[in-house]
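Novice: Need the 3D shape of this:
(chains A and B)
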Amino acid sequence: MKIILLGPQRRPTLDGVVRSLGLGSGLARPVATITAGWREREPDDAELSAHLPGGRDQGGAVNLGLYRRWLDVQDRDPDYFAGARRLADALAELQDLYLLRLDYALRAVYAVQRRSVSADLPGEAVAEALEAVRELDAAHLRRVDGARGEFFARLAPHDRPVIAGHRAEVSAVLADAAALVITGGHVGVLAEALHLFNIAALQSTAGQATAGRLPVIAWSAGAMALADRIVLFHDRSPQGPGHAEVYGSGLSLVRDVVLLPHARARLLLDDMARMAVFARRFAPARCVPLEAGTRIDVSSDGAWPPGVRVLGEDGHVNARAAA
Amino acid sequence: MTAPVASSVSRKLAINRLRERRPLDAGVVDRFLARHEVPVVEGPRCTFLYRGEADEVFLIHRIFGLPDHLPLRRVRGTDLWYVVLELPEGSRVEYQLEVVRGGQRERINDPLNPRLAHSPVGSSSVCYAHGHEIPDWTRPDPEARPGSLVDMVVPSRALRRDCAVTLYLPARFRRTARYPLLIVHDGGDYLRYADAKTVLDNLIHRLDVAELVVAFVYPGDRLAEYANSAAHARYLTAELLPRLEAELPLAGTPSGRCLMGSSFGAVASLSTAYRYPAAYGSLLLQSGSFAFTDIGNDHGGGPPFEPVVRFVNRFRAAPRRVADRLFVSCGVYEPLIVRNRSMIPVFEAAGMTVRYEEARDGHSWENWRDRLRDGLSWIFPGPQKFFYE
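Specialist: This next block holds a predicted model:
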C-alpha cells in the first residue's frame, strides 16, 4: 500500500499527484474520498472532486460520507450513542487531567533547560525532566487506548446492525475504488469516523483482487489520522503558545512519526529551544512538518524517501536521509 | 543635515504650531479643526479641545491617579481651549467636558469628537490613544454564522419574582451535542453595550471559543441582588441552573459551567460560587467591585458596598476555593485596580488557577467587551487545536 502525505491543499497539488499515480482521466474505477473532518460541510466536495479524474459527476469520485454515517449511527443506535457519549466524557476527563500534569511537567523542562544554559548543568537534568514528560505522554496514550478498547469490546460495533450496515457499504465502495483520498478538517471527528467504520482494516484489503491495496493520499488532519499517534499542537492561540498534546491513536498506517501540518503557521519554529524539546519529547518518532507543496511518498514497506524535512533534536528543520 | 531639523519640527505638537500662527483668527482655527481629528493624538500626547465662549473648561475623566478635573487653557485671541494629556500606548479613555459660564456648570460630551461609548448611565466621549486598536472580532463579520437569542422567564421563589433570561444558542445548535454553559450577570447590558452576541458569533466562528450556551440574566434590585445575596445565589444555582440543564443539552458538570460578571456582577459571581463551591468550574470576573478594608470601616464605597465589604473581608480572612479557574481582568485606570490586584494572591492562595489581565482602560463596557476573547477562550477554549485544513 502506497501512502502519499501532502501539505495543505489551499493551492491544490492533488491533481498532479493523482496523475503521477497513473490515475488520470479515463480511469475505470472511482477515487474514494473521505471529508468527514469537514463535519457538516462534508458534502461540499465539488472543488475536491474537480481535482480527481472524472470528477463526481462522471462517477470518478465517490465520497464515503463517513460523517453522515456517523450522525446516522447516533440517530438510529441510541445505545451506542449513549455509550459513545460516556466514552467522550471519560476521554475528556482523561485529557483534562493529562493537560494539567503536562503543564507542570513541561514548564519544569523549560525551567531546567533555561537554568542549564546559565548554570552549565549536566545534560541529564534536561533529559530527566523530559523523560517525565515522555512517560506522561505514554501513560496517557495507554489510558486513552485502553478506554477506547474497552468501549469497542463492550459495544462490539461490528455486531451492531446499523454500524455493520454502514461498514458493508463503505467496504463495497472501497473494493471498487482506485485510490483513497482523505482531506483535512477536525482531526478528532475524522479519527473517530475512521475508527468507527474500520477504514484501516477495510482499506488494507480493498482492491486486492485487482490492483492490490489502495494507494492513500492524505493531507493535514487526514495525514495526522494515518499516524500511530495523533499529536495536537497550536502555538498561536489567543492564549499564546500551548503545549503539544497527545490526543490518541490514529490508523497506524504510518508509524513512528508525528505529522505537523501548517508547522510554520502553527508552531514557533524560530524558538529553537522550544522546538528542540518538541523533537526530543517525541523521539525516536520523526516530527515532520507538512507545509504547502510538501509531498512524501511512503512505500508499501513503510520506507520514507530521502530528503524529507524533519524537526531535529537541535530544534531546526532539516532534510533527513531515507529511513 | 536637514533630518534633525525635520525631526524637531515633527515633535512640536499641532496645538503649539497653531498657537504660534500669526495672525491667529477664527478662520485659522476653523481650518485647524477641519484638518485634525479630536482629540489630536500625536504619539503618547493627546490634545483635547473645546471651542466656544466660556469662563472655564475642564476635562472630566476617571483615570485613577490623575486629578479628575483637568483645566483646559484658552488659546490666546481665540475661543479654542486645549489641554494636553500624556497617555501610554494602547490607552482608551472615556471623558466629558465641563463648561463653566456665568457660574453655571454644564457637563457635555465632546462636540468635536464623534466617538462615543454608551452605558446604562449615559454616554461619554472616547479618546483612543496611540496604538489602541478596537479588536476586529467585536465588529459584525458576515462570514460568522449567527447564533440565536431566545427569551425565557424563570419564576424564582428565591427572588420572589419572575426572572427574565435571554439565552444565546450557537449557530448549528444541535440537541445531540452538549454545550458548556456561561451565565452572565447584567446580561442586557452585555448584549447592548458590550456587543456580546456579535462577540460570541465571531469567537465561535474563529474557533477561539467553544460552541456554548449563554444565559444572560437581568437583575431586579441590582445593588441588593449582586452584593452577596443568598437569594440571588440560590436563584442561579438551585432554580435557573437545574432548569437550563433539564431543558438544554448542556455538559452539566462544574467544568462546563462558568459565572461571569463585571463590577457588582463580578461580586455576584464570586459570592454565588462561594455559596455553592461545587457548582461552577470557572469564573470570569471583570473589574470586580471587590471593596475591602484592612483596618477600620472606611471603604469609601457608601452603603451599597457594606455587604460587599463584609463578604470580601470574610473571603480575604479565610480564602476558599470556590472554582477551579478564575479569569480576572481590570482596567489600570480604574480605582478598582488596586482591589483587583490585591485579590489575585488571595485567589491563588485558595488553590484556584488564576489568569489575570490588565488593560489601559477604565470601568467601561468596551473594556469588558475587549477582554472577552482572552477570558472566554481561556475558560472554554475553542477547537482550534483540532483543525488542520
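
Novice: if you skip the residues just before and after it, what's nearest to the residue in the stretch 1-150 of chain B positioned nearest to chain A?
Specialist: Residue nearest to chain A within the stretch 1-150 of chain B (C-beta to the nearest C-beta): B:W137, separated by 9.5 Å. Glycine gets a C-beta too; all of them are placed from N, C-alpha and C. Spatial nearest neighbour of B:W137, chain neighbours left out: B:N202 (4.2 Å); criterion: C-beta to C-beta, 6 or more residues apart in numbering or on different chains.

Novice: residues near the one you found, how many?
Specialist: Other residues within reach of B:N202 by the criterion other C-beta atoms under 10 Å in any protein chain shown amount to 24.

Novice: That one contacts B:P135, doesn't it?
Specialist: No - applying C-beta atoms under 8 Å as the test, B:N202 and B:P135 come out as separate, 9.1 Å apart.

Novice: Contacts only, for residue 182.
Specialist: Chain wasn't specified; assuming chain A. By C-beta atoms under 8 Å, 6 or more residues apart in numbering or on different chains, the contact list for A:I182 reads A:T33, A:I34, A:L190, A:L194, A:V216, A:I217, A:A218, A:W219, A:G222, A:A223, A:A225, A:L226.

Novice: looking at chain B here, not the other one
Specialist: B:L212, B:V213, B:V214, B:A215, B:C258, B:M260, B:L284, B:L376, B:I379, B:F380.

Novice: closest to A:E93 among those residues?
Specialist: B:F380 (16.0 Å; C-beta to C-beta).

Novice: How many neighbouring residues does that closest one have?
Specialist: One way to gauge burial is a neighbour count; for B:F380, by other C-beta under 10 Å, it gives 24.

Novice: so how far is chain A from it?
Specialist: If you measure B:F380 against chain A using C-beta to the nearest C-beta, to the nearest Å, the figure is 12 Å.

Novice: For the stretch 101-250 of chain A, which segments count as helices?
Specialist: Secondary structure of the stretch 101-250 of chain A (DSSP state H, counting those that start in this stretch): helices located at A:123-155, A:161-175, A:187-196, A:199-205, A:221-226.

Novice: next one: chain B
Specialist: Along chain B, counting by DSSP state H, helices occupy B:3-11, B:14-19, B:26-35, B:187-193, B:196-205, B:222-225, B:230-234, B:241-247, B:264-275, B:306-317, B:336-349, B:365-370, B:372-379.

Novice: if we can go back for a sec, now pLDDT, distance to B:S269 and neighbour count too, for the contacts of A:I182, in JSON lines please.
Specialist: Compiled in JSON lines, those are given as follows (pLDDT from 0 to 100; distance: C-beta to C-beta, whole Å; neighbours: other C-beta atoms under 10 Å in any protein chain shown):
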{"residue": "A:T33", "pLDDT": "97", "distance to B:S269": "48", "neighbour count": "26"}
{"residue": "A:I34", "pLDDT": "98", "distance to B:S269": "44", "neighbour count": "28"}
{"residue": "A:L190", "pLDDT": "98", "distance to B:S269": "38", "neighbour count": "31"}
{"residue": "A:L194", "pLDDT": "97", "distance to B:S269": "42", "neighbour count": "25"}
{"residue": "A:V216", "pLDDT": "96", "distance to B:S269": "51", "neighbour count": "25"}
{"residue": "A:I217", "pLDDT": "97", "distance to B:S269": "51", "neighbour count": "26"}
{"residue": "A:A218", "pLDDT": "98", "distance to B:S269": "46", "neighbour count": "27"}
{"residue": "A:W219", "pLDDT": "98", "distance to B:S269": "44", "neighbour count": "29"}
{"residue": "A:G222", "pLDDT": "98", "distance to B:S269": "42", "neighbour count": "31"}
{"residue": "A:A223", "pLDDT": "98", "distance to B:S269": "43", "neighbour count": "32"}
{"residue": "A:A225", "pLDDT": "98", "distance to B:S269": "40", "neighbour count": "33"}
{"residue": "A:L226", "pLDDT": "97", "distance to B:S269": "45", "neighbour count": "26"}
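
Novice: so what's the closest residue to A:I4 other than its chain neighbours up against?
Specialist: For A:I4, ignoring the flanking residues on the chain, the nearest one in space by C-beta to C-beta, 6+ apart is A:I217 at 4.7 Å. Shown here is A:I217, whose contacts under the criterion C-beta under 8 Å, 6+ apart are A:I3, A:I4, A:L6, A:L14, A:V17, A:V18, A:L21, A:A179, A:L180, A:V181, A:I182.

Novice: Dump the residues you listed to JSON lines, plus distance to A:H166 and pLDDT.
Specialist: Conversion of those to JSON lines gives the following (distance: C-beta to C-beta, whole Å; pLDDT from 0 to 100):
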{"residue": "A:I3", "distance to A:H166": "24", "pLDDT": "95"}
{"residue": "A:I4", "distance to A:H166": "26", "pLDDT": "97"}
{"residue": "A:L6", "distance to A:H166": "27", "pLDDT": "97"}
{"residue": "A:L14", "distance to A:H166": "26", "pLDDT": "94"}
{"residue": "A:V17", "distance to A:H166": "28", "pLDDT": "93"}
{"residue": "A:V18", "distance to A:H166": "26", "pLDDT": "91"}
{"residue": "A:L21", "distance to A:H166": "28", "pLDDT": "89"}
{"residue": "A:A179", "distance to A:H166": "21", "pLDDT": "94"}
{"residue": "A:L180", "distance to A:H166": "16", "pLDDT": "96"}
{"residue": "A:V181", "distance to A:H166": "19", "pLDDT": "97"}
{"residue": "A:I182", "distance to A:H166": "17", "pLDDT": "98"}
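
Novice: Quick one, which of these are buried?
Specialist: For those, a neighbour count by 16 or more other C-beta atoms under 10 Å in any protein chain shown gives the buried set as A:I3, A:I4, A:L6, A:L14, A:V17, A:V18, A:L21, A:A179, A:L180, A:V181, A:I182.

Novice: Let's have these in CSV, adding distance to A:E124.
Specialist: Written out in CSV, the entries for the buried ones among the contacts of A:I217 read as follows (distance: C-beta to C-beta, whole Å):
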residue, distance to A:E124
A:I3, 38
A:I4, 40
A:L6, 40
A:L14, 47
A:V17, 45
A:V18, 50
A:L21, 48
A:A179, 48
A:L180, 45
A:V181, 46
A:I182, 42
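
Novice: so B:E358 bridges to which residues?
Specialist: Counting by DSSP bridges, B:E358 forms beta bridges with B:C330.

Novice: Please look at it and B:Y333 and confirm they touch.
Specialist: No - B:E358 is not in contact with B:Y333 according to C-beta under 8 Å; the separation is 9.9 Å.

Novice: Which of these two has more residues huddled nearby?
Specialist: The neighbour comparison of B:E358 against B:Y333 (other C-beta under 10 Å) goes to B:Y333, with 26 against 16.

Novice: Quick one: end-to-end distance for stretch A:284-298.
Specialist: 18 Å (C-alpha to C-alpha, to the nearest Å).

Novice: Give me the residues contacting it.
Specialist: For stretch A:284-298, the external contacting residues (C-beta under 8 Å, 6+ apart) are A:2-8, A:10-11, A:13, A:17, A:219-220, A:223, A:229, A:254, A:256-264, A:269, A:278-279, A:304-305, A:308-311, A:317, A:320, A:323.

Novice: same deal with stretch A:60-75?
Specialist: Contacts made with stretch A:60-75 from outside it, assessed by C-beta under 8 Å, 6+ apart, are listed as A:27, A:30-36, A:38-40, A:42-43, A:45, A:48-49, A:52-56, A:80-81, A:84, A:162-163, A:166, A:170, A:173-174, A:177, A:181, A:189, A:192-194, A:196-197, A:199, B:176.

Novice: Tell me which residues of that stretch come out buried.
Specialist: For stretch A:60-75, the buried set under the neighbour-count rule, 16+ other C-beta under 10 Å, comprises A:60-71, A:73-74.
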